[in-house]
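J.: A structural model of the following input is requested.
(one chain, ligands or ions: 2)
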Amino acid sequence: MDTLMYINENRVRELLDWDKVFEVTEKAMEAVARNRAIQNARSVTDLNQSNLLFVMPGRLNDNDNGALGCKIVSYFPQNTNLPPLMANIVLMDDATGALQAVIAATEITAWRTAAASAVATKYLHNENNKILAIIGAGAQAKIHAVCLSYFFKFEEVRVWNRNEERAMKLVAELNDDGKSKCRFTACGSVQSCVADADVLVTTTGADDTLLKLEWLKQDVHINAVGVSLNCREIDDEVYKASNVYIDHWEGARDELKHLLDIGIQFKGQIGDLICGSIKPPSEKSITIFESLGMAVEDCAMARMIYDLHVEKSNVTDKRVVK
Ligand SMILES: NC(=O)C1=CN([C@@H]2O[C@H](COP(=O)(O)OP(=O)(O)OC[C@H]3O[C@@H](n4cnc5c(N)ncnc54)[C@H](O)[C@@H]3O)[C@@H](O)[C@H]2O)C=CC1
Ligand SMILES: O=C([O-])C1=[NH+]CCC1
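T.: Ligands and ions are numbered 1, 2, ... in the order given. Coordinates of the predicted model:
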């Protein structure tokens, strides 16, 4: 009988660990700069100007984390009983292209996106990180609060959301969790949230501008995570005053045309910083990591989860479709 190996969200959650996810994500970002990754610009299907379908194929050439895979992500922002963003990865045998497993990737997407921001923060703003400001209070906001407070010594993590109640609910949850020593607070305005912030994360994908240059510290690092067809959550003046980094050129040329159109020249990929082929700015300046998300990060994560699952479950027959 044919059997399909499906690794579900609960099992994926059991196997995730921040140090490992950071290592795998950093290696995938580095592999992009070393030309050991294949990923074209992804396909983004506009279902109705709000709901989106992303198809993200990639291949990562790496002894430990190498993989061939394709992630399919749906983003239905109005979902209430289901997560707005849901994803699955089809993992294939690198040598033959045969199907190996289908892996639930909603958690993977959250974790590797936050880990990519942590990697970017490590290379662009590794010191004096006291205040973290997060714009938005959805899945990405929550996972960034958890991840960045795990890797950096923030004293305070502030959250702003257009619906303040949701921000208050999220910070109550984070404070109750007790895993982090820092204080989580909700703010009534974007301006009060970002004032004096050392690191900032934007997670709304809003098509109206939320973030103004005059509110920001002169050397704040921004992880710009929101992605939508018309994402404008950061004002053009902020980009013009900043050193802007990307995760991969193929995606940036396709999905960040609006920034190229206003004359922004990207300084390079985060992987280039990891390899040392480019250096972070020597002068005090605002830095932005314009995160789109990469298929090869998902390939690396899928390989990690598959290997851990097989090892820990004593799976003897690794073939999926017989
Ligand atoms: N860079 C990357 O690798 C990834 C980026 N994303 C993007 O991150 C964003 C957030 O994803 P999730 O947290 O899963 O979504 P979510 O739906 O759980 O959270 C979105 C948050 O943004 C707020 N928001 C939405 N529209 C807004 C507006 N016009 N003004 C102010 N606030 C607004 C919502 O109130 C909510 O707090 C999306 O744009 C998604 O496409 C998601 C996964 C990976
Ligand atoms: O990389 C990713 O998975 C996504 N980026 C934007 C929405 C989903």
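J.: Which parts of stretch 204-214 count as buried, going by neighbours?
T.: Buried residues in stretch 204-214, defined by neighbour count with 16 or more other CB atoms under 10 Å: 204-206, 210-211, 213. C-beta here means a position set from N, CA and C on the backbone, and glycine is covered the same way.
J.: oh sorry, the question was meant for stretch 224-235
T.: Buried-residue list, stretch 224-235, by 16+ other CB under 10 Å: 224-228, 231-235.
J.: what's the answer for stretch 279-286, then?
T.: residue 286.
J.: Then stretch 148-161?
T.: 148-152, 154, 157-161.
J.: what does that stretch contact?
T.: Under the criterion CB atoms under 8 Å, 6 or more residues apart in numbering, residues 18, 22, 114, 117-118, 121-122, 129-137, 141, 145, 167, 170-171, 174, 180, 182-190, 192-194, 197, 199, 201 lie in contact with stretch 148-161.
J.: near ligand 1, from those residues?
T.: Here is what survives when those are matched to ligand 1 using CB under 6 Å from any ligand atom: 136-137, 141.
J.: Name the residue of the stretch 1-150 of the chain that lies nearest to ligand 1.
T.: residue 138 (1.9 Å; CB to the nearest ligand atom).
J.: mind listing what that residue touches?
T.: Neighbour list for residue 138: 84, 203-204 [criterion: CB under 8 Å, 6+ apart].
J.: The buried residues of stretch 148-161 in helices, which ones?
T.: In helices, defined here by DSSP state H, the members of the buried residues of stretch 148-161 are 148-151.
J.: just curious, which of the residues you listed is nearest to ligand 2?
T.: Using CB to the nearest ligand atom, those come closest to ligand 2 at residue 148, 17.9 Å.
J.: any idea how far residue 48 is from the closest one?
T.: To residue 48, residue 148 is 33 Å away according to CB to CB, to the nearest Å.
J.: Can you convert the ones in helices among the buried residues of stretch 148-161 into a markdown table and add a column each for distance to ligand 2?
T.: Formatted as a markdown table, these follow (distance: CB to the nearest ligand atom, whole Å):
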| residue | distance to ligand 2 |
| --- | --- |
| 148 | 18 |
| 149 | 22 |
| 150 | 21 |
| 151 | 20 |
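J.: Pipe those into a markdown table and attach distance to residue 96 and pLDDT per row.
T.: A markdown table is the format used below for these (distance: CB to CB, whole Å; pLDDT from 0 to 100):
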| residue | distance to residue 96 | pLDDT |
| --- | --- | --- |
| 148 | 39 | 98 |
| 149 | 42 | 97 |
| 150 | 38 | 96 |
| 151 | 38 | 97 |
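J.: Using a markdown table, lay out those residues together with distance to residue 282.
T.: Listed next are those as a markdown table, based on distance: CB to CB, whole Å:
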| residue | distance to residue 282 |
| --- | --- |
| 148 | 25 |
| 149 | 28 |
| 150 | 29 |
| 151 | 24 |
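J.: Show me which residues of the stretch 1-150 of the chain sit near ligand 2.
T.: When proximity is defined by CB under 6 Å from any ligand atom, the stretch 1-150 of the chain lies next to ligand 2 at 54, 73, 75, 109.
J.: Mind checking which of the residues you listed are in strands?
T.: In strands, defined here by DSSP state E, the members of these are 54, 73, 75.
J.: residues contacting the second one?
T.: With contacts defined as CB under 8 Å, 6+ apart, residue 73 is in contact with 53-54, 56, 85-87, 105, 109.
J.: Keep only those of those residues that are in helices.
T.: Among the contacts of residue 73, the members falling in helices (DSSP H) are residue 109.
J.: contacts with ligand 1 among the contacts of residue 73, please.
T.: Answer for those near ligand 1 (CB under 6 Å from any ligand atom): 85, 109.
J.: Could you tell me which of the contacts of residue 73 count as buried?
T.: In those, burial by neighbour count holds for 54, 56, 85-87, 105, 109, counting by 16+ other CB under 10 Å.
J.: How about the residues of the stretch 1-150 of the chain by ligand 1?
T.: Residues of the stretch 1-150 of the chain lying close to ligand 1 by CB under 6 Å from any ligand atom are 75, 77, 84-85, 109, 113, 136-141.
J.: Selecting buried members of the residues you listed in PyMOL, what would you type?
T.: To isolate the buried subset of those in PyMOL, counting by 16+ other CB under 10 Å, use the following:
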select buried, resi 75+85+109+113+136+137+138+139+140+141
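J.: okay if I get the residues of the stretch 1-150 of the chain next to ligand 1 as CSV plus pLDDT?
T.: Listed next are these as CSV, based on pLDDT from 0 to 100:
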residue, pLDDT
75, 97
77, 95
84, 97
85, 98
109, 98
113, 98
136, 98
137, 98
138, 98
139, 98
140, 98
141, 98
